[in-house]
Structure formats: C-alpha cells, structure tokens
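Asker: sequence and predicted structure, then a few things I'm wondering about:
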Amino acid sequence: MPRIILHFFMVAALLSLVSCGDGSEPVYFDNAEYKPNIDEVEAFVSENYIESEEIFTGVLSLSAQDALANLTDCTIILDVRPREYTSGWRIYGSVWLPYEEIRENAESILTDKNQIIFVSCREGITSENAVTKLFEMGYTSVFDIGSVGDWLGELHLEATGAIGFNYFGDDLPPDIITPINFTISQVIHEDLPEFTFTLRGTRREFYLLNRWETVFFRRDDLNTIYDITITCADENFFQELNDLNARMHTFEGEFGFRFNDWNFDGYLDISLPVYPGAGSSHPHFVWLWDGNEFVRNAQLEAIFEYTSAFVDTEINRVKTFSGRMRHWTESHYEYKNGDFVLVKQIFTNWIFTDCTEYFTERVATYELINGEMILTYEIATELTLE
C-alpha cells in the first residue's frame with residue numbers, strides 16, 4: 001500500500017506541472033514543442049521507489065526539454081551550485097541555495113513544501129543529491145533537471161544583466177535591424193522658439209558567443225544615427241546634419257544626444273557620441289549655435305578625441321579629464337574670440353616605492369600667463385596605503 005501511495009503521489013506531482021494551484025496556465029517557450037511521456041515517467045517511478053513512506057531512494061528527473069516545456073509561473077528553479085560557479089550564467093529567475101546549506105536554509109527560502117521545484121547544478125550530480133535531501137525534508141514535488149549547461153531556456157548574467165542561451169553548436173539567430181526615429185524638443189534660448197531635433201538611424205540586435213563558446217547572448221544596444229533633422233515650428237527654419245554614422249549604446253540614454261552651452265554665450269549647443277569611447281576617450285560630434293544655425297566645431301571635437309569633457313558653468317570653462325592608473329590630468333579651456341584656449345592644467349602623479357606601505361602624490365598646476373603656461377603651484381605629499 002505505501003508503494004502505491006508513493007507511486008500515485010509522484011505521478012500526480014508530475015501531472016501538476018501543467019497547471020498551477022491558482023489556475024494559471026503554464027508558460028510555454030517558442031522552442032519547446034515536447035511534453036513528458038507520462039507513461040514513461042510512471043514506469044520510472046515504479047522502478048525507482050521502494051515500499052516506504054519515509055525513505056526516498058530514487059530521484060525523479062526531467063530532461064531540459066521536458067522541464068522547459070512545463071515551466072509555469074509557480075515553478076521554482078533551484079540552483080544548488082557553490083558560490084564560485086554562480087557568478088557566471090544562471091538560469092533566468094532561478095533561486096540560489098547551495099547544496100551544503102539545504103538542511104539549514106531550505107525551509108526559510110522554500111516555504112511551500114508542495115510547490116513544484118526544479119533543481120539544477122553544475123554537472124547534474126549535485127542536483128540529484130539535492131532532490132533526495134529535499135524529499136527527506138518533506139518536499140513533495142521536487143525534480144532533478146540536471147546541469148545548468150543543458151538548460152534550453154533563458155540564462156541570466158547577473159553582473160551585466162545580459163540574457164543568454166546555452167550554445168550547442170547551431171547557427172546563431174540572425175541579426176534584427178529596426179529603424180530609429182527619435183524626436184526631442186528643446187528651447188535653446190529664451191528669445192528663440194522651441195526647436196525639434198529628429199535623430200534617424202537603426203538599432204541592431206545581434207548575438208555573440210562568450211569566450212568559451214558555451215553561451216550565446218543578445219546584444220541589442222548598438223545604435224547607429226545617420227542624420228539629424230532640426231526644425232523650428234514658429235519660424236521657417238530647417239537644417240540637416242548628414243553622414244554621421246554615429247554609434248552608441250542604449251544605456252547612454254536618448255542615444256547620447258546632449259545640450260550644453262559649450263561657448264557660454266547663453267545659447268545651448270548640441271553634441272552626439274561618434275562611437276563608444278574607451279577609457280578616458282569619448283569622441284563626439286559637436287555643433288555650436290552661431291545665431292543662424294548649428295555649426296560643427298573642430299576644436300571641441302579634437303578635445304573630445306582623447307578626453308572626457310564637461311561644462312563648468314560656475315567658472316565658464318570647459319573641463320577635461322584624462323589619464324591612466326598613476327597619472328591624471330585636468331585641463332581647463334576658456335572660449336576667447338572664437339577659440340577654445342587652454343588656460344590651466346593640473347597634473348597629478350602617484351609614485352609607489354617597492355616593499356613599502358607609503359607612496360608619494362605629486363600635484364603640479366600650470367596656468368596661462370602672458371601667453372605661456374607657467375608653473376604656479378607644486379606639492380608632494382607622502383601618503384599611506386590603506
């Protein structure tokens with residue numbers, strides 16, 4: 001009788017995979033067309049469970065295909081790998097509980113012992129042991145789905161938020177190209193009507209393999225702006241900025257398009273990244289308002305080529321920052337007679353001595369005086385490594 005009860009209970013648990021207790025429908029993925037063969041599972045259960053109401057000796061497992069096809073909103077995917085393996089790709093939406101902590105923490109994390117639980121691990125061995133342990137603790141609907149590397153659904157890289165999929169050697173999905181037609185309105189001066197800027201280009205969604213060619217993931221953040229159209233509703237104004245081929249990432253917001261008063265004349269100017277910068281290099285297109293239209297400024301674009309530039313409205317200067325680990329340079333520019341003139345530079349160097357806890361910070365300031373950059377301040381400070 002116990003064998004029959006256990007047999008019936010386990011098959012019922014599997015059947016419950018196709019629905020949730022709240023009546024919600026299962027979530028099916030586009031690439032999941034296969035459902036478990038219930039007769040085969042019933043036979044498996046009959047062969048692997050002994051006649052005992054307390055001792056569990058077999059493990060009910062589901063293939064990655066079966067598990068994905070029957071994943072529902074109320075299913076918990078449990079990742080029992082050690083911490084050192086969870087910093088990489090994880091099954092999307094999974095709950096982490098290392099195998100060694102199951103007895104201590106399972107009941108506080110998995111509060112419903114009748115909830116369906118899919119257990120995954122690194123190679124498919126620890127998950128089998130985890131299922132056994134959970135059954136011994138009274139969990140009723142626990143299934144071993146094997147290695148995370150066999151999962152057919154979405155993976156998640158917590159460090160970057162990227163979504164990926166396990167790679168099994170097939171061709172990667174094709175690129176998806178969609179148009180960009182982004183419009184933003186801005187008043188560049190209180191005496192002028194509002195201007196409308198329309199950025200046109202394309203967004204490219206494509207897939208890449210990771211370094212070890214085990215996971216492919218989507219990159220949908222590469223946008224290319226080809227041209228900008230500028231109009232003004234209250235006046236007969238029209239301007240086009242063409243042949244830009246500017247590339248930027250989605251996270252830069254509004255495609256990196258910015259308004260700043262670069263020459264401090266009270267009128268907002270515009271800028272757009274040329275391509276994603278590296279380190280302190282952030283190349284930009286820059287257009288200054290000249291009273292009639294927006295005109296590209298080669299000087300500012302040259303400054304942007306190797307540095308990050310910002311507007312300091314308190315002192316009416318353009319500041320740039322560049323450098324490496326032990327060297328840092330801050331430069332100040334003033335706009336004089338149509339040119340951006342370098343008027344101040346602050347050089348900071350950190351000098352480290354081997355086998356000591358001390359290092360020296362040297363700061364030197366040069367300022368433009370009578371047409372020449374003159375050293376006006378210098379100091380060396382000994383500091384302690386913390």
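Answerer: Done, it's in. If you're wondering where the values come from, they're calculated on a predicted model, not measured in any experiment.

Asker: check which helix or strand covers residue 225.
Answerer: Here residue 225, judged by DSSP states H and E, is contained in strand 215-232.

Asker: ditto for residue 84
Answerer: helix 83-86.

Asker: next helix or strand past that helix?
Answerer: strand 89-91.

Asker: how is the chain carved up into domains?
Answerer: 2-166, 170-296, 307-386 (automatic domain parsing).

Asker: dump those domains into JSON lines; add mean neighbour count and mean pLDDT as well.
Answerer: Just so you know, the C-beta spots here come from the backbone N, C-alpha and C atoms, and that holds for glycine as well. Formatted as JSON lines, these follow (neighbours: other C-beta atoms under 10 Å; pLDDT from 0 to 100):
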{"stretch": "domain 2-166", "mean neighbour count": "17", "mean pLDDT": "72"}
{"stretch": "domain 170-296", "mean neighbour count": "15", "mean pLDDT": "87"}
{"stretch": "domain 307-386", "mean neighbour count": "13", "mean pLDDT": "90"}
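
Asker: output the helix holding residue 84 as PDB, nothing but the C-alphas.
Answerer: Below are the C-alpha coordinates for helix 83-86, written out as PDB (Å, rounded to 0.1, in the frame of the first residue of the first chain):
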ATOM      1  CA  ARG A  83      29.000  30.400  -4.900                       C
ATOM      2  CA  GLU A  84      32.100  30.300  -7.200                       C
ATOM      3  CA  TYR A  85      30.000  28.900 -10.000                       C
ATOM      4  CA  THR A  86      27.100  31.300  -9.700                       C
END
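
Asker: what's next to it, contact-wise?
Answerer: 79, 96, 98, 122 (C-beta atoms under 8 Å, 6 or more residues apart in numbering).

Asker: ok, which pair from those residues is furthest apart?
Answerer: Spatially, the most separated pair among these is 96 and 122, at 12.6 Å (C-beta to C-beta).

Asker: what touches both of these two?
Answerer: Common neighbours of residue 96 and residue 122 (C-beta under 8 Å, 6+ apart) are residue 81.

Asker: for the helix or strand just after the strand holding residue 225, give me every contacting residue.
Answerer: Downstream of strand 215-232, the next assigned helix or strand under DSSP H and E is strand 237-241. Identification of contacts with strand 237-241 by C-beta under 8 Å, 6+ apart yields 195, 227, 228, 229, 230, 231, 285, 287, 293, 294.

Asker: just put these in TSV and tack on distance to residue 180.
Answerer: Formatted as TSV, the contacts of strand 237-241 follow (distance: C-beta to C-beta, whole Å):
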residue	distance to residue 180
195	19
227	11
228	11
229	13
230	16
231	18
285	16
287	19
293	23
294	20
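
Asker: isn't residue 368 right up against residue 344?
Answerer: Yes: with contacts defined as C-beta atoms under 8 Å, residue 368 counts as touching residue 344 at a distance of 6.9 Å.

Asker: next up, the contacts around residue 311.
Answerer: Under the criterion of C-beta under 8 Å, 6+ apart, the neighbours of residue 311 are 260, 261, 262, 318, 319.

Asker: what do you get for residue 175?
Answerer: 204, 205, 206.

Asker: what strand or helix carries the first one?
Answerer: What it means is residue 204. Residue 204 belongs to strand 195-209, assigned by DSSP H and E.

Asker: before we move on, the earlier item: nearest to residue 126 among the contacts of strand 237-241?
Answerer: Closest to residue 126, out of all of the contacts of strand 237-241 and judged by C-beta to C-beta, is residue 285, at 53.7 Å.

Asker: partner residues bridging the closest one?
Answerer: residue 272 (DSSP bridges).

Asker: what residues are up against it?
Answerer: 241, 244, 246, 271, 272, 273, 274, 296, 301.

Asker: which among these gets closest to residue 336?
Answerer: Of those, the one sitting nearest to residue 336 (C-beta to C-beta) turns out to be residue 301, at 18.3 Å.
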